[in-house]
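Peer 1: show me how the following folds:
(chains A and B)
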Number of protein chains: 2
Amino acid sequence: MPKRSQEHLDARRAQILEGARRTFSRHGYSGATVAKLEQEIGLSRGAIFNYFPSKLDLFFALATADQARIVEVWLDRGFPALLHEIAGESPDWLGVYVEHVRRLRTDAKLRERWKSRNADIDLRALEHLQDMQQRGEVRDDLPAEEIGQFLGVLLDGIALQTSAGFDVHVEPVLRLVADAIAPRQ
Amino acid sequence: MPKRSQEHLDARRAQILEGARRTFSRHGYSGATVAKLEQEIGLSRGAIFNYFPSKLDLFFALATADQARIVEVWLDRGFPALLHEIAGESPDWLGVYVEHVRRLRTDAKLRERWKSRNADIDLRALEHLQDMQQRGEVRDDLPAEEIGQFLGVLLDGIALQTSAGFDVHVEPVLRLVADAIAPRQ
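Peer 2: Here you go, the predicted structure:
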C-alpha cells in the first residue's frame, strides 16, 4: 500500500467533511444513511469510516469546526460579525444543529461528547468577555458567565429562527444587545 | 344517539388535549402513533378524531392554547413572569415545539397553519408593546416590531436551551433584557 502524504490525507478529510455537511443538510441527520453519505462524498463507507469511525463523529467534527470558526469571527471581527455569520448560515445545517441540541437532554452519550467538545472553546469565549470587561467595553456589574449565557441564548434563538426560515433582522437585535451589555453609567 | 351537553363536550376535549400533550412529550411528535394516543387518552381513534381531524390539529390546538396562555401571563404579570413560565415549561413539550419550528421552512402546509394561528395573538402582543412605549416603559427609538422580534429570539433561545436540559438562569437574562429595552436617557 503506498504511503499517503499528509496533504493527501488532509484533502481527503476535507472532502469527506464537505460531503457529510451536504448530506446532513439535505436529508437531516437521521435521514443521512450510509448509502447517501457514500454517494454525496464519492467514497466507499470503508474509506469514510477510516477517517471518522461513526456518523456521530462526522457530525461532531463539523460542529466543532463551526464553533471554532464562530468564536474566531467574534475575536477577530466582533459580535456584529458573529451575529451576521449565524443568521447567514445555511438554514438546513442549522436545522441539523438544532436537532442535536434538542436531543442533548435525553441522550447521555451525546451530552458527554458535547461537553468535552465545548470546554476549550467556551473557555476562550469566556476569557474574551472578561478581557472586554477589563477594558471597559462590556458591563462588569454582572459576572462574565451570566453575560455569556445571555449571548448564548440569543445565538440559539437566532439559530432556531433561521432554521425555521424566519428572516431575522440582525441590525435591531445588535442594537438592543449592545445596549444590554454596555458598561453602566 | 343521546345529545351531549356542552359541559360534556368540553370535558372530553380537555381530556383529549391533556392526553395528547402527554403522548407528544413522551414519544416526540413523530413517535406519537395513533395507538399510543388512544392508550394515553383512553379513547378510541374514532372518538379522538371526531374532535380533532388529525394529529397536526391536536398539536396546533395545544400550541395555540400555550401561546394564548403565554401572552396572558405577559399582559397580566409582566415579562419576568413570562420568562419564568417558558424556562419552567416541560423540556419534553418544548422539544415538540422546537421540532415543529424547525420544520416550518420546509413544510409549506405547516407554515400556513402556523401563520394563521399566530396572527391574532401576535397582534395583541405588538399592541401591548406599543402601549408600553406610549407609557414610557419601553424605549420608543425603535419600532415595536423590532423590539418584539428581539424578545421573540430570546424566548426561542430559552425554549431551545430548556428543551436541551440546560439550566437557564432567568434572573440575569431578565436584567440584561430590561436594560436593552428600557427607555433611553
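Peer 1: centre of the chain versus the worst-scoring helix or strand of chain A on mean pLDDT, how much separation?
Peer 2: Every helix and strand of chain A was ranked by mean pLDDT, DSSP states H and E. The lowest is helix A:108-134, at a mean of 87. Averaging C-alpha coordinates over helix A:108-134 and over its chain gives two centres that are 12 Å apart (C-alpha atoms, centre = their mean, to the nearest Å).
Peer 1: stretch A:30-38 now?
Peer 2: Worked out by C-alpha atoms, centre = their mean, stretch A:30-38 lies 21 Å from the chain centre.
Peer 1: ok, residues contacting it?
Peer 2: By C-beta atoms under 8 Å, 6 or more residues apart in numbering or on different chains, the residues outside stretch A:30-38 that reach it are A:19, A:20, A:23, A:24, A:26, A:27, A:44, A:45, A:48, A:55, A:58, A:99. (Glycine included, C-beta is placed from N, CA and C.)
Peer 1: for the third one, give me the pLDDT.
Peer 2: Taken from the predicted model, the pLDDT recorded for residue A:23 is 95.
Peer 1: next, work out how far apart it and chain B are.
Peer 2: To chain B, residue A:23 is 16 Å away according to C-beta to the nearest C-beta, to the nearest Å.
Peer 1: on that earlier part again, now the buried members of the contacts of stretch A:30-38.
Peer 2: Among these, those classed as buried by 16 or more other C-beta atoms under 10 Å in any protein chain shown are A:19, A:20, A:23, A:24, A:27, A:48, A:55, A:58, A:99.
Peer 1: which ones among those residues are found in helices?
Peer 2: A:19, A:20, A:23, A:24, A:27, A:48, A:55, A:58, A:99 (DSSP state H).
Peer 1: chain B contacts on chain A?
Peer 2: A:91, A:95, A:98-99, A:101-102, A:104-106, A:111, A:142, A:146-147, A:149-150, A:152-161, A:163-166, A:168-169, A:172-173, A:175-177, A:179-181, A:184 (C-beta under 8 Å from any C-beta of the partner chain).
Peer 1: mind splitting chain A into its structural domains?
Peer 2: As assigned by automatic domain parsing, chain A contains the domains A:1-53, A:55-181.
Peer 1: for residue A:116, grab the count of nearby residues.
Peer 2: Applying other C-beta atoms under 10 Å in any protein chain shown, we find 11 residues neighbouring residue A:116.
Peer 1: again but with residue A:175, I slipped
Peer 2: Neighbour tally, residue A:175, other C-beta under 10 Å: 17.
Peer 1: these two touch, right, residue A:43 and residue A:13?
Peer 2: No - using C-beta atoms under 8 Å, residue A:43 is not in contact with residue A:13; the gap is 11.1 Å.
Peer 1: who's more crowded, these two?
Peer 2: Between residue A:43 and residue A:13, counting by other C-beta under 10 Å, residue A:43 is the more crowded of the two (18 against 13).
Peer 1: got the phi and psi for the more buried one?
Peer 2: The phi and psi values for residue A:43, taken as degrees, to the nearest 10, are phi -140, psi 160.
Peer 1: for residue A:6, grab the count of nearby residues.
Peer 2: By other C-beta under 10 Å, the burial measure for residue A:6, its neighbour count, is 7.
Peer 1: residues in contact with residue A:172?
Peer 2: Neighbouring residues of residue A:172 by C-beta under 8 Å, 6+ apart: B:142, B:146, B:147, B:149, B:150.
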